[in-house]
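**Student:** build me a structure from this.
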Amino acid sequence: MKQLIKQILKEETEDDSVRVSKGINALVSLVKNTFPFIVGWVWAKEDWDEGMFGIYIHLVIDQKKVKEIYGLNYRSWYDGKHSVLQKAINDKSTYAYPISLLDYESEGIDAYEENRAIKDLVNDTYEIIPDEYKVEVNKPYFYQEAKTLEIDSYIFV
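**Tutor:** This is a model prediction of the structure:
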């Protein structure tokens, strides 16, 4: 009986994950129209729905496309055998900004504002995603009904 309950709970969690993933997939497809260097997303946490008010994702960035769109050069940092760029890709390192690997300071680009523009578009788009593709807040006495979708960081490919 205990095994059956665990199996049922696991299936419900998987169904929720699949349902919410469909909503995020649709959202990312829409956001890609404005920011074509965004090529996907992954959960930021293994327990993707553990946050009380939000669910967190990493956006996956095509580093060649972001370089081309912004017209910037890569940073010239090295850590021995591999450039920071190659290490970031191989290790699936996370970064605070979609242009973190580029030399944006020399061109006077504000990385925070670029990041804010993406986050604002994600938030605005998430608002129009049907409620069945969102996660409800676990506590009924809070004012918000669905958890927010938060960009935790960016991963480069």
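
**Student:** ok, Ser17 - how many residues close by?
**Tutor:** Using other C-beta atoms under 10 Å, Ser17 has 14 other residues around it. (Each C-beta comes from the backbone N, C-alpha and C, glycine too.)

**Student:** which SSE is it in?
**Tutor:** helix 2-32 (DSSP states H and E).

**Student:** average pLDDT across that helix?
**Tutor:** Over the span of helix 2-32, the pLDDT mean works out to 71.

**Student:** name the next helix or strand downstream of the worst-scoring helix or strand of the chain on mean pLDDT, please.
**Tutor:** Least confident helix or strand, the chain: helix 2-32 with a mean of 71, by mean pLDDT, DSSP states H and E. Toward the C-terminus, helix 2-32 is succeeded by strand 38-43 as the next helix or strand (DSSP H and E).

**Student:** do you have the strands of this structure handy? List them.
**Tutor:** Using DSSP state E, the strands found in the chain span residues 38-43, 54-61, 94-95, 148-156.

**Student:** out of these, which gets the lowest mean score?
**Tutor:** Ranked by mean pLDDT, the strands of the chain bottom out at strand 94-95, with a mean of 86.

**Student:** show me what that one is packed up against.
**Tutor:** Based on contacts counted as 3 or more C-beta pairs under 8 Å, 6 or more residues apart in numbering; DSSP states H and E, the elements that strand 94-95 packs against are strand 148-156.

**Student:** how about a cut-off of 10 Å?
**Tutor:** Helices and strands touching strand 94-95, by 3 or more C-beta pairs under 10 Å, 6 or more residues apart in numbering; DSSP states H and E, are strand 54-61, strand 148-156.

**Student:** just how off-centre is the first one within its chain?
**Tutor:** To tie it back to what came earlier, the one meant is strand 54-61. Put simply, strand 54-61 sits 2 Å off its chain's centre (C-alpha atoms, centre = their mean, to the nearest Å).
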